[in-house]
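**Q** show me the folded form of this:
(one chain, ligands or ions: 1)
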Amino acid sequence: MSGASDHASLIGSGRKQLQEILAGEGIAAKEAQMRARQLQNWIHVHGARDFAHMTSLVKGFRAFMTERFTLARPDIVTEQISADGTRKWLLRAGPGIEFETVFIPDAHRGTLCVSSQVGCTLNCRFCHTGTQKLVRNLTQAEIVGQVMVARDALGDWPSTAARRQITNVVMMGMGEPLYNFENVKDALAIVTDGDGLALSRRRVTVSTAGVVPMIPRAGAEIGSALAISLHAARDDVRDVLVPLNRKYPLAELMEAARAYPGLSNSRRITFEYVMLKDVNDSLADARDLVRLVRGIPTKINLIPFNPWPGAPYECSPWERIEKFAEIVNRAGYASPVRTPRGRDIMAACGQLKSESVRERASARHAQMRSAELARMPG
Ligand code: SAH
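**A** Numbering: from 1, shown residues only. Alright, predicted model coming up:
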């Protein structure tokens, strides 16, 4: 949303926020309320890109808005399309603030994988994003903006789409959504609002590496489906793979999972389990896993490890994944093996990474210092 204009973009703002913005421009409360509702509809239901096209608004008001605001989305830096139809966009929110969004089309659904942060703090050993330091949290607008960019590119707005292409949204891109709770929550409120992007709450999934204290809040305040990146059924193994486990060990994580509101056989928690050769893929590991999740309505998603340059692991051989899946399945849990998608464009699970680095304080100071020097009379 850097755009050429220095006017603020209104995308990703909720109705209340729009109302406040209009009030801030001196529009009277009653009118602001009505205009906010109309704007919300044009921006998020129809994906309008220009105030001039908002035909239900009086011309004067359209001009008023054009002079003050934009409807700019995050800039698209690159778009890549995989041989299997998966699409990946590298987006930019400002200088050096780049992040990725992935669309995964299937026969009967289309899943958009959305990022919550630029970089990540978690350092999971098998994850490429984990090798990129956290640059910053994405804002509410940048999170909603990812869905809007994808809808633009896919022609997936009501006026143009014969049938909806993005049917599901998963917060499984870069970052840890529960470490950016407020923005993720506010963004998903717009994504699931009937007067917004109008996706069903049940088709939106928040995925966490296990930020235990935030799980009850996610259940109460976001109310989406929950996925937990488990990857190991024993603390000694998980401590290494997902270092966050040292802070929130399995016993606490499973307690939070059990207490997640609204669980039933039709609303199950997803546990994600990456298959790493000789690390977590033995038959004993499978039995430990089954014991660990006992009693929780769950589906266990087995993810073949997706390689990346310099990764310290290999993917389990196919026969082992099948045997593992069979044990889990026999114990009564669905255990689909996730087909790797978009590997050829580094768009598969755990492969996302951007070049963005956080500007180091020292570098920033040096820059300011030299600017100061330049301003000093010679
Ligand atoms: N931080 C959140 C959101 C990221 S989701 C979370 O951990 O859930 C990304 C998913 O891809 C996680 O389940 C992650 O563990 C998994 N993943 C990461 N690296 C991977 C890799 N190289 N191969 C397969 N899956 C991977």
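
**Q** near the ligand, which residues of the stretch 1-150 of the chain?
**A** 124, 126, 127 (Cβ under 6 Å from any ligand atom). The C-beta positions use only the backbone N, C-alpha and C, and glycine is treated the same way.

**Q** neighbour count added to these, as CSV?
**A** CSV is the format used below for these (neighbours: other Cβ atoms under 10 Å):
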residue, neighbour count
124, 22
126, 23
127, 26
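
**Q** what segments of the protein are helices?
**A** Under the criterion DSSP state H, the chain contains helices at 15-24, 29-40, 59-68, 140-154, 181-192, 215-217, 235-241, 250-258, 283-293, 318-330, 361-375.

**Q** packing partners for the shortest one?
**A** With contacts defined as 3 or more Cβ pairs under 8 Å, 6 or more residues apart in numbering; DSSP states H and E, the packing partners of helix 215-217 are helix 250-258.

**Q** which single one of the residues of the stretch 1-150 of the chain next to the ligand is nearest to the ligand?
**A** residue 127 (3.4 Å; Cβ to the nearest ligand atom).

**Q** apart from its chain neighbours, what residue comes closest to that closest one?
**A** Nearest residue to residue 127, sequence neighbours excluded (Cβ to Cβ, 6 or more residues apart in numbering): residue 350, at 4.4 Å.

**Q** thinking again about what came up before, now the helices of the chain in TSV, with mean neighbour count?
**A** Listed next are the helices of the chain as TSV, based on neighbours: other Cβ under 10 Å:
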stretch	mean neighbour count
helix 15-24	17
helix 29-40	16
helix 59-68	14
helix 140-154	24
helix 181-192	22
helix 215-217	17
helix 235-241	17
helix 250-258	17
helix 283-293	18
helix 318-330	16
helix 361-375	9
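
**Q** could you tell me the least trusted of these?
**A** Mean pLDDT is lowest for helix 361-375 among these, at a mean of 49.

**Q** pretty sure residue 244 is touching residue 212, no?
**A** No. Counting by Cβ atoms under 8 Å, residue 244 does not reach residue 212; the two are 9.1 Å apart.

**Q** quick check, the residue in the stretch 201-350 of the chain closest to the ligand?
**A** As assessed by Cβ to the nearest ligand atom, the ligand sits closest to residue 350 within the stretch 201-350 of the chain, at 1.7 Å.

**Q** surely residue 246 and residue 240 touch.
**A** No. In terms of Cβ under 8 Å, residue 246 does not count as a neighbour of residue 240; the distance is 9.6 Å.

**Q** start and end of stretch 257-267, how far apart?
**A** 13 Å (Cα to Cα, to the nearest Å).

**Q** re the thing from before, among the helices of the chain, which is nearest residue 9?
**A** Residue 9 lies closest to helix 140-154 among the helices of the chain, at 6.6 Å (Cβ to Cβ).

**Q** quick one: the closest one to chain centroid distance?
**A** Computed by Cα atoms, centre = their mean, to the nearest Å, the separation of helix 140-154 from the middle of its chain amounts to 11 Å.

**Q** picking that back up, of residue 244 and residue 212, who's got more company?
**A** Shown here are residue 244 and residue 212; by other Cβ atoms under 10 Å, residue 244 has more neighbours (23 against 18).

**Q** if I pick that one, what's in contact with it?
**A** 122, 124, 209, 210, 211 (Cβ atoms under 8 Å, 6 or more residues apart in numbering).
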